[in-house]
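Enquirer: attaching a predicted model along with its sequence, questions to come.
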Amino acid sequence: MTEESKETTVKPSAETAVNTETQPKEEQPDPKKEAAQKVLDRIRGLIVQELGDHVLEDALLMKHQPTFVVKRDHWLQTVQLLRHHDALGFDYPEAMAGTDYPANGYIEVILYVYSMNHNELIAVKTRTPRDNAELQSLSYVYQGLNWEEREIYDLVGVKFTGHPDLRRIMMPEDYEGHPLRKDFSVWKE
Amino acid sequence: MAELRTEEMLLNVGPQHPSTHGVLRVVIKLDGEIIREATPVIGYLHRGTEKLSEDLQYQQIIPYFDRLDYISAMLNNHAIVNAVEKAMDIEIPERAEYLRVIVGELNRTAAHLLFVGAYLLDLGAMSPFLYVFMTRERIIELLNEISGARLTYNYMRVGGVKYDAPPGWFAKIREFIPYFKEMYQLFDDLITGNEIFISRVKGIGSYGQEEAINYGLSGIPLRSTGFKWDLRKNKSYSVYDRFDFEIPVGTNGDNYDRYYLHLLEMEQSMRIVEQAIDSIPEGPVMGKAPKILRIPAGEYYAAVEGAKGELGVYIVSDGKDKPYRMKIRRPSFVNLQIIPSLLKDQNIADFIAILGSIDIVLGEVDA
Amino acid sequence: MMFGLLKGLGVTLRQIPKKNVTLQYPDVKPDWPDRFRGVHKFYPEKCIVCNQCARVCPTSCISLSGTRGEDKKMHIETYDINFEICILCDLCTEVCPTEAIQMTDTFELAEYSRDALFKNIEWLAENGRQHDARKGKSDDQANHDAKAADKAGEQ
Ligand code: SF4
Ligand code: SF4
């Protein structure tokens, strides 16, 4: 996992390396990958042009999936740009998930957004330290993320600042702990 | 006349209410008969499928998916096996793809039938429910015959499907189709032609396209606004691109459109089934898949069109035989979010009509 | 207004002469298809104690133990399935190399106590004998062969 995320776009990712091993014709470019690379480059260009170089930590392909790793402080700003910029127009929130990486000391939140006009799906993610995990809330950009953020707050334990109604959603109000954290245990010592 | 003194009242609907379709609880703030605020409270059926999955091998996760949206388990099966196959680049035999489409569409029809029956029951019409169950029972029996269970099928496997169709199964579907068409006509006449029903649903609980997209709605709640969005066409998976079918859309995004789209979609599903059983190729139903499934390290997202909308699976793998993290994008969960804004300033009498039309299953909302 | 109501009434009337679709359940049992996944049956003599079924079970509800007999083969000693948590998913019968564990058409599992849902090797074997008697051995053999053919196809 960690090697994966450290990779930049220049290097082929782990799974494509496996693919080229199994396929003898190594020179053959994968059209799907090329198309994805084009999308990635275009959107990265736009983000850098509008917000500057410093908001992005990384931009990579996760198996044909353009993915942008955004710095935590620019999370809301970047997603707002993705949503409202005419050439981007990512208006449909598809899925949002938080993943705990205790080994690396951070929690990663990933958001899949789709552009109905351009028919493109991209993933944006950001990382927050595990202790005092906190992110800007996106629920005003996409109303549909209201509950998703509540779920992440409840199960992974990321606090979303600016969320209108940040309460537990699955577990009872007085529940302690966040079940989807890797160090969670139901047996209290 | 002395001025009427009004006072807000708190009303608790559910979690043990027959019309909330499971254990949904809605706390309503009432002013007279007008709903001022509605807050859904969920989590009563939370079983932690995502957490459990982290401890299970991929083939063991499939039965857990059966229990999300338990009335359309075949489509849930498809979601998980599709996600794993996409991540691992597994090719599956043609016949298995066709079988998946057939059972999936049959199951979609069964789920929509149940919606129609239950929705009418919510609105006080008892008999359509019985007719619907008569029809649905035949589908359930067909699925029972091929998979061995009536609801929790656990039929699909990574790399194919568990069984080939039993002898005479396709003939039984061929027999069922005219019966379905007859019953479909009956529902259309009986329900859509009923003035009482129409006056309770037409123009009520409507929202616009932009709002629907911003809320991330999918499935019929999105299509009812006139937005043509169906993963079977827009991001075609499996062999859906080989069949000729339409995506019916509504115009007003109201209760009536949502109800009627369920009917129209059943008709299209049956069209797909008809074409699929005519053109299903011979061959094996299980392809080459490793015995122990290990997804290469990375993150993957793949979705299928479930009965309620986009059913997506996001898998983070660290290269082991179990997912590091699995997130299920449950359409019912996302669709339910629009309820507070829909119910605002509506009559309490319309509460059930609006809630029912969104078509949620609590097993999926709570996962 | 009236027209819709009358039409509904017409549908009801047309239904009256038709055949019943319901069963008088406890007296008349439903006829399940061959693949129906009901409560398990177990053939102790077939089991080679490979533990595959217990390992694949997603709810970990199978517990078994065996000993090595004088003929150097493993023999099953205890085999329990906890039907409180068994989800009748069929994965155990799918992996069993010798078809020692199979599923029957028994589906009535209601009990008065939770302990009673803990079925041991005798109960499962007895369930198998009853099921075989009900189905007739030849039928069972056919079923078995079909399953074996399925397995061959899968590999
Ligand atoms: S049917 Fe499934 S849950 Fe039940 S014992 Fe077999 S593997 Fe376990
Ligand atoms: S898989 Fe079959 S042979 Fe192996 S222990 Fe289980 S019942 Fe016995």
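Expert: Right, received. Where do you want to start? Ligands and ions are numbered 1, 2, ... in the order given.

Enquirer: tell me the contacts of the nearest residue to B:Met326 once chain neighbours are set aside?
Expert: Closest residue to B:Met326 apart from its sequence neighbours, by C-beta to C-beta, 6 or more residues apart in numbering or on different chains: B:Ser53 at 4.3 Å. Where you see a C-beta, it was placed from the backbone N, CA and C, and this is true even at glycine. Contacts of B:Ser53 were listed using C-beta atoms under 8 Å, 6 or more residues apart in numbering or on different chains, and they are B:Ile61, B:Tyr64, B:Lys322, B:Pro323, B:Met326.

Enquirer: and the residues you listed as JSON lines, adding secondary structure and neighbour count?
Expert: Below are those laid out as JSON lines (DSSP: H, G, I helix; E, B strand; the rest coil; neighbours: other C-beta atoms under 10 Å in any protein chain shown):
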{"residue": "B:Ile61", "secondary structure": "helix", "neighbour count": "26"}
{"residue": "B:Tyr64", "secondary structure": "helix", "neighbour count": "26"}
{"residue": "B:Lys322", "secondary structure": "coil", "neighbour count": "18"}
{"residue": "B:Pro323", "secondary structure": "coil", "neighbour count": "26"}
{"residue": "B:Met326", "secondary structure": "strand", "neighbour count": "26"}
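
Enquirer: which member of those residues is positioned nearest A:Gly177?
Expert: B:Met326 (19.5 Å; C-beta to C-beta).

Enquirer: residues contacting the closest one?
Expert: Here B:Met326 is in contact with B:Glu50, B:Ser53, B:Glu54, B:Ile61, B:Val313, B:Tyr314, B:Ile315, B:Val316 (C-beta under 8 Å, 6+ apart).

Enquirer: give the bridge partners for it, please.
Expert: B:Ile315 (DSSP bridges).

Enquirer: residues touching the residue nearest the centre of chain C, list them.
Expert: Nearest to the mean C-alpha position of chain C, counting by C-alpha atoms, centre = their mean, stands C:Gly38 at 2.5 Å. C:Gly38 makes contact with C:Trp32, C:Leu88, C:Met103, C:Thr104, C:Asp105, C:Thr106, C:Phe107, according to C-beta under 8 Å, 6+ apart.

Enquirer: select only the buried ones of those residues in ChimeraX?
Expert: Remark: buried members of those, expressed as a ChimeraX selection using 16 or more other C-beta atoms under 10 Å in any protein chain shown:
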select /C:32,88,103,104,105,106
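
Enquirer: out of the contacts of C:Gly38, which are inside strands?
Expert: Judged by DSSP state E, the contacts of C:Gly38 include C:Met103 as members of strands.

Enquirer: any idea how far B:Glu265 lies from chain C?
Expert: To chain C, B:Glu265 is 23 Å away according to C-beta to the nearest C-beta, to the nearest Å.

Enquirer: how about that residue, secondary structure?
Expert: Classification of B:Glu265 by DSSP: H, G, I helix; E, B strand; the rest coil places it in helix.

Enquirer: picking that back up, now pLDDT and distance to chain B too, for the contacts of C:Gly38, in a markdown table please.
Expert: Listed next are the contacts of C:Gly38 as a markdown table, based on pLDDT from 0 to 100; distance: C-beta to the nearest C-beta, whole Å:
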| residue | pLDDT | distance to chain B |
| --- | --- | --- |
| C:Trp32 | 87 | 7 |
| C:Leu88 | 90 | 7 |
| C:Met103 | 90 | 8 |
| C:Thr104 | 89 | 11 |
| C:Asp105 | 87 | 10 |
| C:Thr106 | 85 | 13 |
| C:Phe107 | 87 | 10 |
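
Enquirer: list just the nearest of the contacts of C:Gly38 to A:Arg83.
Expert: The closest of the contacts of C:Gly38, once distances to A:Arg83 are taken by C-beta to C-beta, is C:Leu88, at 45.9 Å.

Enquirer: which ones are touching the closest one?
Expert: Counted by C-beta under 8 Å, 6+ apart, C:Leu88 has contacts B:Ala149, B:Thr152, C:Arg37, C:Gly38, C:Val39, C:Met103.

Enquirer: can you check the pLDDT for B:Ile177?
Expert: B:Ile177 carries a pLDDT score of 92 in this model.

Enquirer: mind listing what it touches?
Expert: Taking C-beta under 8 Å, 6+ apart, one finds B:Met270, B:Val273, B:Glu274 in contact with B:Ile177.

Enquirer: from B:Asp244, how far off is it?
Expert: B:Ile177 sits 16 Å away from B:Asp244, taking C-beta to C-beta, to the nearest Å as the criterion.

Enquirer: put the buried members of the contacts of B:Met326 into a ChimeraX selection.
Expert: With 16+ other C-beta under 10 Å as the criterion, this ChimeraX line picks the buried residues out of those:
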select /B:50,53,54,61,313,314,315,316
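
Enquirer: can you put the contacts of B:Met326 in CSV and add distance to A:Thr78?
Expert: Output for these, formatted as CSV (distance: C-beta to C-beta, whole Å):
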residue, distance to A:Thr78
B:Glu50, 26
B:Ser53, 30
B:Glu54, 29
B:Ile61, 33
B:Val313, 25
B:Tyr314, 20
B:Ile315, 24
B:Val316, 21
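
Enquirer: how is the residue nearest to the centre of chain C assigned, secondary-structure-wise?
Expert: coil.

Enquirer: who's in contact with the longest strand that chain C contains?
Expert: For chain C, the longest strand by residue count, based on DSSP E, is strand C:74-82. Contact with strand C:74-82 is made by C:40, C:42, C:44, C:47-49, C:61-69, C:100, C:117-121, C:124, as judged by C-beta under 8 Å, 6+ apart.

Enquirer: ok, B:Lys288 touching B:Ala96?
Expert: No: with contacts counted by C-beta atoms under 8 Å, B:Lys288 stays clear of B:Ala96, the gap being 11.8 Å.

Enquirer: which one of those two has more residues nearby?
Expert: B:Ala96 (24 against 12; other C-beta atoms under 10 Å in any protein chain shown).

Enquirer: against A:Lys38, how distant is A:Ala59?
Expert: 13 Å.

Enquirer: the more surrounded of the two?
Expert: The neighbour comparison of A:Ala59 against A:Lys38 (other C-beta under 10 Å) goes to A:Ala59, with 21 against 11.

Enquirer: list the contacts of that one.
Expert: A:Thr9, A:Leu40, A:Ile43, A:Arg44, A:Pro66, A:Thr67, A:Phe68, A:Val69.

Enquirer: which non-adjacent residue is nearest the second one?
Expert: What it means is A:Leu40. Closest to A:Leu40 by C-beta to C-beta, 6+ apart is A:Pro66, at 4.0 Å.

Enquirer: SS state for the residue in chain A that ligand 2 sits nearest to?
Expert: Ligand 2 sits closest to A:Val186 of chain A, with a gap of 29.1 Å, by C-beta to the nearest ligand atom. Put simply, A:Val186 is coil when judged by three-state DSSP.
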